[in-house]
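Student: Output the structure for:
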Amino acid sequence: MERRRIAQSETRLMLLYVLLKVGPASGQQLEQFMADTNTMNYFDLQLNLISLLDDGAVEKLPHPVETVYRLTDSGRFTVESYINRLPVSRRDEVDLQAGAAKENFLRELEAPAKLERLGNGQNNALLYLMQGNEALLELRLPLNTGERWPLLHKRWQRCAAAAYQKVILALTGAAARDQTAEGIAVLERHGPAWAMSGEREDGFRLKLLFAEQRAAAEAAGRFPHVSGQLLRELKSMLDGEITALKND
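Tutor: You can find the predicted model right below:
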């Protein structure tokens, strides 16, 4: 019985150590990292996450695609206080891969994406650009099939920042008006910011955060006029990234 308690304690401590090294991570990211480092199986990971959440050592962060886990101050104090109880060999294996994993996890969490299946071969790509826990940009792009989704999902982060700049330019700059485009846009208070939301009948939806109400209102006014051209440019940008990946 005593050995079992020690093993459980060590496993919990190892999970805290991983979060200390890789930073905030989704459940799927943690699962993959644990498998790559042979640190913990799926069932132990889930049980320990639940236990550490209950104890207040780990907390959940809001995120549009997946649940993200982060150390609390209590969890950080625990792992830093008892780190020497973890075998050096296990820590070394985590340390060896933590640097690259941390960069990848951050990039994936900053530009997450998921597929919304509608049936009859119709799908939507839900794409986000995050700043901390806030979604600066939310896009829903209609797709004809899911064939190109794996590449789009894998590499949305490759052009997410450029897509954001393109949206900003279209809604606030001197972009040409597309008078044939139809759509509506609304404003809503979003914490300390203002959100402009627009949607077309073809399924294209956009939500963008602004620091000032006036800027959001101006963008809302432009959305019906530029949404058609903007949708074509965004799809062209993503198709170009997918083509480049296929040719890499």
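Student: and the nearest residue to Trp149 once chain neighbours are set aside, how far is that from Leu127?
Tutor: Nearest residue to Trp149, sequence neighbours excluded (CB to CB, 6 or more residues apart in numbering): Leu115, at 5.3 Å. Quick note: C-beta positions are derived from backbone N, CA and C, even for glycine. Computed as CB to CB, to the nearest Å, the Leu115 to Leu127 distance reads 10 Å.
Student: And the two? Which one has more around it.
Tutor: Leu127 (25 against 14; other CB atoms under 10 Å).
Student: who touches the more buried one in this structure?
Tutor: With contacts defined as CB atoms under 8 Å, 6 or more residues apart in numbering, the neighbours of Leu127 are 111-113, 137-141, 156, 160, 163.
Student: and those as TSV, adding pLDDT, secondary structure and distance to Asp239?
Tutor: Converted to TSV, these look like this (pLDDT from 0 to 100; DSSP: H, G, I helix; E, B strand; the rest coil; distance: CB to CB, whole Å):
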residue	pLDDT	secondary structure	distance to Asp239
Ala111	92	coil	17
Pro112	92	coil	20
Ala113	90	strand	15
Leu137	95	strand	19
Glu138	95	strand	20
Leu139	95	strand	15
Arg140	93	strand	17
Leu141	88	strand	11
Trp156	85	helix	13
Ala160	92	helix	15
Ala163	93	helix	12
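Student: Just the closest of those to Arg12, please.
Tutor: Nearest to Arg12 out of the contacts of Leu127 is Pro112 (CB to CB; 27.5 Å).
Student: Might you report the residue contacts of the closest one?
Tutor: By CB under 8 Å, 6+ apart, Pro112 lies in contact with 63-66, 127-128, 130, 156.
Student: rerun that using 7 Å as the cut-off
Tutor: Neighbouring residues of Pro112 by CB atoms under 7 Å, 6 or more residues apart in numbering: 63-65, 128, 130.
Student: same question, Ser51
Tutor: Residues in contact with Ser51, defined by CB under 7 Å, 6+ apart, are Arg12.
Student: What's the separation between the nearest residue to Gly221 once chain neighbours are set aside and Leu96?
Tutor: Residue nearest to Gly221 in three dimensions, not counting chain neighbours: Ala185, with 7.3 Å by CB to CB, 6+ apart. Plainly put, Ala185 is 49 Å away from Leu96 if you go by CB to CB.
Student: the more surrounded of those two?
Tutor: Between Ala185 and Leu96, counted using other CB under 10 Å, the more crowded position is Ala185 (21 against 11).
Student: Wait, the more buried one touches Glu218, no?
Tutor: No. Assessed by CB atoms under 7 Å, Ala185 is found out of contact with Glu218, at 10.4 Å.
Student: Quickly list the domain ranges of the protein.
Tutor: 2-110, 113-247 (automatic domain parsing).
Student: What is the longest helix seen in the chain packed up against?
Tutor: Counting by DSSP state H, the longest helix found in the chain is helix 213-247. Other elements packing on helix 213-247 under the criterion 3 or more CB pairs under 7 Å, 6 or more residues apart in numbering; DSSP states H and E are helix 149-172, strand 184-190, strand 193-199, strand 205-210.
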